Structures are given as structure tokens and as C-alpha cells.
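Engineer: Sequence and predicted structure, then a few things I'm wondering about:
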Amino acid sequence: MLVLMCQAGGQRFAVDARAVAQVVPRVQLKAVAGAPEWLAGLCVCRGQVVPVVDLCRLIAERPCPRRWSNRVLLLPVPLGESSRLCGLLVESATTATLPVAGADADATRVSPWGQVLLDEQGVYQLLDLRRLFSRERLDRLFPAATEQA
């Protein structure tokens, strides 16, 4: 399986590449007054306003440090019958190929974010985007869209 390996909060994560619409460098984000801390801000992409979630804030409760290696993963998130783009701010991103087998079923229970796996560099987590973009978070990001769903 092709994945994007990324880092956030000193931990390694993987995202199934099929779930990623595009990877872009960190862009200028517009802060939103009263938004949850895990929302890094908003950007405009493909003619629409896209919320960008800070994975470091979710994982380590601190903002992603500003670095040239920061990336925003643009992910279509399902909202009822349609989907909207949402950004995920990470510290870095590279591609890798993972074996399809090898997930430790018992380790899945220790992480709220997805399966915990092991490779030659150590432990990493395969992000379950449904857990990351929970109904509660989607309600905060797209209130009008989730009310209609």
C-alpha cells in the first residue's frame, strides 16, 4: 500500500495515499476567531475555503512548528452525500510503500488514531481518517453541511 509518511508532535504517522487529493507546502493560513485550538486556520484552494487541522495540536497539544518542511495534506472528507476538502498540517511528508499485512491487531486498541505498526525505523501509526475527522470535528469545521447530512 502506498502511504504518505508524516510527522507530528515527535511521532510518525502514515496516511493511505488514496485518501489524499494533494500535498502542498505550508500556505499562509487565516486565523479564525473563536475556532478550536486544533484548527490551524483557513486557506483558499481550488476556489473554496479549506479548513486546515493541525495534527500536532491534536496529538501533542502544541502547534506545529513553522518549518520549510511543513506540508498540508488536502483530504476530501465525506459529508453526507458529498465531500469537502480539509487540510491536515504536518511537520513533513514523504511517500513509502507498506506491506499490506503486518498490522498488530492488539496494538490498535492503544491508539485513538489508528493501527500501530512497526518498520525498520520504529513504531508509527496508520491514521484512520474517520477517527481523526470525527463527527464532532466535522460539525465544528462544516456546521451547515453536517446539519443537512
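Structural biologist: Noted; the coordinates are in hand.
Engineer: Name all residues that make contact with the residue sitting nearest the centre point of the chain.
Structural biologist: Centroid check for the chain by CA atoms, centre = their mean gives residue 88 as the closest residue, at 3.9 Å. Counting by CB atoms under 8 Å, 6 or more residues apart in numbering, residue 88 touches 15, 52-53, 55, 72-73, 75, 132. Any C-beta I mention is one placed from the backbone N, CA and C, and that applies to glycine too.
Engineer: next one: residue 34
Structural biologist: So residue 34 contacts nothing (CB under 8 Å, 6+ apart).
Engineer: Give me the nearest residue to residue 37, chain neighbours excluded.
Structural biologist: Closest residue in space to residue 37, ignoring its immediate chain neighbours: residue 57 at 5.5 Å, by CB to CB, 6 or more residues apart in numbering.
Engineer: What values do phi and psi take at that neighbour?
Structural biologist: phi -60, psi -40 (degrees, to the nearest 10).
Engineer: gap between it and residue 35?
Structural biologist: As judged by CB to CB, to the nearest Å, residue 57 and residue 35 stand 11 Å apart.
Engineer: more neighbours, these two?
Structural biologist: Neighbours were counted for residue 57 and for residue 35 using other CB atoms under 10 Å; residue 57 has more, 19 against 14.
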